[in-house]
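Asks: Got a predicted structure plus its sequence, pasted below:
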Amino acid sequence: MLKKATEASVLRLVKTQGTVEVTNAAGKTISIAKDMTLYNGYAVKTGAGARAEITLDDKKLVELDASSLAAVAASGSKLALDVKSGRLVSETPLAIQEISKNVRISNNITGTRG
């Protein structure tokens, strides 16, 4: 069963860390590009110690943990990220990711994100 939380019209691979492999619907490994759109039948596989960040409709960010496999599958009129093995370690609205505040402490200025 696919989770509604991972459904979107557009899925994009926006950041990778470590060894990450993307395969197309034919199972062929394809080169990863910046802000790469993921289509029906694509799969994202992370190696040991690796992570992949994927946006859903540019509104939500999910992070695929190390040693995980997630497939992009049609779910009605949308696409869904179906985790086959491993796990998603975070799911955050993008608006929260971009909040930034400055806090003044004595003579120091500290930036806080989150």
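Replies: That came in fine, so what should we check first?
Asks: Look up which residues are beta-bridged to the residue at minimal distance from the centre of the chain.
Replies: By CA atoms, centre = their mean, the chain has its centre lying nearest to residue 54, at 1.8 Å. Listed beta-bridge partners, residue 54: residue 13, residue 62 (assigned using DSSP bridges).
Asks: tell me the contacts of it?
Replies: Listed by CB atoms under 8 Å, 6 or more residues apart in numbering, the contact set of residue 54 reads 11-14, 38, 44, 61-64, 70, 81. Glycine gets a C-beta too; all of them are placed from N, C-alpha and C.
Asks: Is there a quick PyMOL command that grabs whichever of the residues you listed are buried?
Replies: Command for PyMOL, covering only those of the contacts of residue 54 found buried under the criterion 16 or more other CB atoms under 10 Å:
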select buried, resi 11+12+13+38+44+61+62+63+64+70+81
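Asks: which residues of the chain fall in strands?
Replies: Along the chain, the stretches classed as strands by DSSP state E are 7-8, 11-17, 20-23, 29-30, 36-38, 43-46, 51-56, 60-64, 69-75, 78-85, 88-93, 100-105, 108-113.
Asks: Mean pLDDT added to these, as TSV?
Replies: Rendered in TSV, the data for these read as follows (pLDDT from 0 to 100):
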stretch	mean pLDDT
strand 7-8	89
strand 11-17	96
strand 20-23	98
strand 29-30	96
strand 36-38	97
strand 43-46	97
strand 51-56	94
strand 60-64	92
strand 69-75	93
strand 78-85	92
strand 88-93	79
strand 100-105	47
strand 108-113	56
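Asks: Any idea what residue 79 is bridged to?
Replies: In beta-bridge terms (that is, DSSP bridges), residue 79 pairs with residue 8, residue 74.
Asks: That one touches residue 40, doesn't it?
Replies: Yes. Using CB atoms under 8 Å, residue 79 is in contact with residue 40, at 6.1 Å.
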